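Asker: the amino acid sequence is not available; the structure is as follows:
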């Protein structure tokens, strides 16, 4: 069932500063959720007032078949029962005129605090004044100090919740310090507690060496008697301000149960609690990847290196070069254990925890020893690994590179042993001198619905990172649908001939996160996100965030365009870069290779006199495959000198095998036209409309 036009408007409503502040819990809600607060479910009191830009616009739609004017919320025509088109054109023109006024501008990552701190500071002072006048301490009623906030796990060692000032440190050395949010933080300040969230602690250990990142995360940077703290986390690609109190789970000895507060610094328990509130409970922080942790804390994409690929695909020298390059570029690097070819006993014998996240602090090669070594830190500080290749002589030389003490959980490991026990390497692309733009949108729900298009100009050759992030509403549920974006360079006039003369980037991936990085030459570009996994579904969970990081500032122009523009971009990208082509007589078809997570079939009729009847028959027993035509059998009649995107297929959940389907293709030329099956609504600019070339 196609989405209502209201769903499209909610993707682009230019609300007050793109978000509204909940007056109850002070959470900044995104523009796509304008009715209830995401944290406390408070109903927005202004929902019928100034938040709706289009209140005065009559959102009725006229049936293109019988011309009856229907109510906006009608999915079918009341007269002829035809399905409602994606958008009425007069509505689209009005909306696009409004969208042209919305030109998101990139901002340097180091300047992001200035964008939000004014409103947060006003809220903070209001809450402080209220608590002082009422002579009370702040207690967060949206994340109360109780078992409910702990989650389903009982955590038997939690016997009480105490204000941080009433707790006792684990180390006697900490008594000589006074409480601060952070003061000259070091990675050794990070110590994991009784919670299985090493993925977050390892990421946090990395960013403590970057004070600017901590300043961005911790909006409240001084201790206050009222116990009010503002913490900023990047969730689903959007920065969210989380308000928390200073009550923490403790033992009967008044020690913190979860992350520690070494040297009387509160920043680690604060960030951990903010994440627990964001995800619903402390228990919901158990298990994760360091990639997720780095993205939550930096808001920037990561390169992910799988060390468990087959020997034919794994080049140790290339991986080592990437690792050394990242280290010398001062990037944030993490690693994880948990190889499938290693069991728990093998890990315990060498003293390296299994299924655990670590920080990588250094990578170094001795020219005279021709040996490679990696400095790894365990955030739990319980690894007791000793490398036979790290002799006392070598260790003395390695300490000249980095003298981090073993007591902090750091240890040197030779590269060959590292590859034997570690499964992944994660490299964050965080660079505070770069720029970024973030924009929320919704994936379309049918082949006739207008698609969101993002245009931008590159003035000089630049490094670009593009992330397409699906909005997960529960971090315990991992999405497996396929999502994609196509990026093409364009001239001023949008036509097929002017699309993608130089750059044609088609990125597709399962798992709710699609990412591309590379250099773009000067020019004008168009970027279109899409996912057919949501087509035909009555769902509102099709939100995404588009994030563009760049080495130079760029501006985005956002508009809704007919789906045939997406078809032109896909055809251009597939034909030029991502295809396996077959030519037969006056017919050519292109199929995307299996390395791409989706399958596209494009057919050209090169005859100058005849139509091309083209039939497909796909055979599959998979229930996890979505077809853009909603049928495994299709028939199309392609006019002479036209090409057509016949269909797209995507995986909607984790497939058992990427090869569990086959297809048969048949064709013939004739002088007669036949109707497409299933129908292609060319008069509504259907994605599958034949395109002249």
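Answerer: That came in fine, so what should we check first? These numbers come from a predicted model, not from an experiment.
Asker: okay, buried residues for stretch 458-474 please.
Answerer: Neighbour counts over stretch 458-474 (16 or more other C-beta atoms under 10 Å) mark 458, 462, 464-472 as buried. Placement of C-beta: from N, CA and C, glycine included.
Asker: which ones among those residues are found in helices?
Answerer: Secondary-structure check on these using DSSP state H: no residue lies within helices.
Asker: quick one: the residue sitting nearest the centre point of the chain from residue 267, how far?
Answerer: The C-alpha lying nearest the average C-alpha coordinate of the chain belongs to residue 469 (C-alpha atoms, centre = their mean; 2.9 Å). Taking C-beta to C-beta, to the nearest Å as the measure, residue 469 and residue 267 are separated by 26 Å.
Asker: and what of residue 679?
Answerer: Residue 679 is 59 Å from residue 267, by C-beta to C-beta.
Asker: more neighbours: which of those two?
Answerer: Neighbours per residue, other C-beta atoms under 10 Å: of residue 679 and residue 267, the larger number sits with residue 267, 24 against 10.
Asker: per-residue pLDDT, that one?
Answerer: At residue 267 the predicted local confidence, pLDDT, stands at 93.
Asker: now do the contacts for it.
Answerer: Contacts of residue 267 were listed using C-beta atoms under 8 Å, 6 or more residues apart in numbering, and they are 181-182, 185, 214, 218.
Asker: filter those residues down to the ones in helices?
Answerer: For those, membership in helices holds for residue 214, with DSSP H as the criterion.
Asker: format the contacts of residue 267 as CSV; extra columns: pLDDT, neighbour count and distance to residue 304.
Answerer: CSV is the format used below for the contacts of residue 267 (pLDDT from 0 to 100; neighbours: other C-beta atoms under 10 Å; distance: C-beta to C-beta, whole Å):
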residue, pLDDT, neighbour count, distance to residue 304
181, 90, 17, 32
182, 89, 20, 29
185, 86, 23, 27
214, 91, 19, 24
218, 93, 21, 27
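Asker: hang on, residue 149 in a helix?
Answerer: Yes: residue state for residue 149 (DSSP: H, G, I helix; E, B strand; the rest coil) corresponds to a helix.
Asker: what about residue 420, neighbour count?
Answerer: Once other C-beta under 10 Å is used to define contacts, residue 420 is seen to have 16 neighbours.
Asker: before we move on, the earlier item: and which of the contacts of residue 267 is nearest residue 517?
Answerer: Using C-beta to C-beta, residue 214 is the member of these that lies nearest residue 517, at 25.3 Å.
Asker: and the residue lying closest to that closest one once chain neighbours are set aside, how far from residue 356?
Answerer: Among residues not flanking residue 214 along the chain, residue 182 sits closest, at 5.9 Å (C-beta to C-beta, 6 or more residues apart in numbering). For residue 182, the distance to residue 356 equals 25 Å [C-beta to C-beta].
Asker: repeat that for residue 536.
Answerer: Noted for residue 536: a distance of 42 Å to residue 356, by C-beta to C-beta.
Asker: in terms of packing, which of the two has more residues around it?
Answerer: In terms of neighbours (other C-beta under 10 Å), residue 356 is the more surrounded of residue 536 and residue 356; the figures are 23 against 16.
Asker: would you map the strands across the stretch 151-300 of the chain?
Answerer: In the stretch 151-300 of the chain, the strands defined using DSSP state E, counting those that start in this stretch lie at 160-163, 229-235, 238-244, 247-250.
Asker: for those, which one sits closest to residue 454?
Answerer: Each of these was scored for nearness to residue 454 using C-beta to C-beta, and the closest is strand 238-244 (16.4 Å).
Asker: what lines up beside the closest one in the sheet?
Answerer: When sheet partners are counted by DSSP bridges, strand 238-244 sits next to strand 229-235 (antiparallel).
Asker: please compute how far the strand it pairs with lies from its chain's middle.
Answerer: 17 Å (C-alpha atoms, centre = their mean, to the nearest Å).
Asker: got a list of what the residue lying closest to residue 533 once chain neighbours are set aside touches?
Answerer: Once flanking residues are discounted, residue 533 sits nearest to residue 481: 3.7 Å by C-beta to C-beta, 6+ apart. The neighbourhood of residue 481, defined by C-beta under 8 Å, 6+ apart, consists of 470, 510, 512, 531, 533-534, 650-653.
Asker: between these, which sits nearest residue 420?
Answerer: Of all those, residue 510 has the smallest distance to residue 420: 28.5 Å, by C-beta to C-beta.
Asker: residue 651 against residue 484, yeah?
Answerer: No: if you go by C-beta atoms under 8 Å, residue 651 and residue 484 don't touch, sitting 11.5 Å apart.
Asker: name the residues contacting each of the two.
Answerer: Residues touching both residue 651 and residue 484 by C-beta under 8 Å, 6+ apart: 597-598.
Asker: have a look at these two and say which one is more surrounded.
Answerer: Neighbour tally, residue 651 and residue 484, criterion other C-beta under 10 Å: the higher count belongs to residue 484, 24 against 20.
Asker: distance of that one from residue 217?
Answerer: Taking C-beta to C-beta as the measure, residue 484 falls 31 Å from residue 217.
Asker: same check, this time on residue 133
Answerer: The value you get for residue 133 to residue 217, if C-beta to C-beta is used, is 29 Å.
Asker: what about the helices in this structure?
Answerer: Secondary structure of the chain (DSSP H): helices located at 5-12, 89-99, 112-134, 147-150, 198-207, 211-217, 267-279, 290-298, 316-328, 344-350, 392-401, 415-421, 563-576.
Asker: by contact count, what packs against the last one?
Answerer: Translated: helix 563-576. Using 3 or more C-beta pairs under 8 Å, 6 or more residues apart in numbering; DSSP states H and E, the elements in contact with helix 563-576 are strand 451-458, strand 482-490, strand 499-510, strand 523-530, strand 598-605, strand 642-651, strand 691-692.
Asker: please redo it, this time with the cut-off set to 6 Å
Answerer: Using 3 or more C-beta pairs under 6 Å, 6 or more residues apart in numbering; DSSP states H and E as the contact test, the elements touching helix 563-576 are strand 482-490, strand 499-510, strand 598-605.
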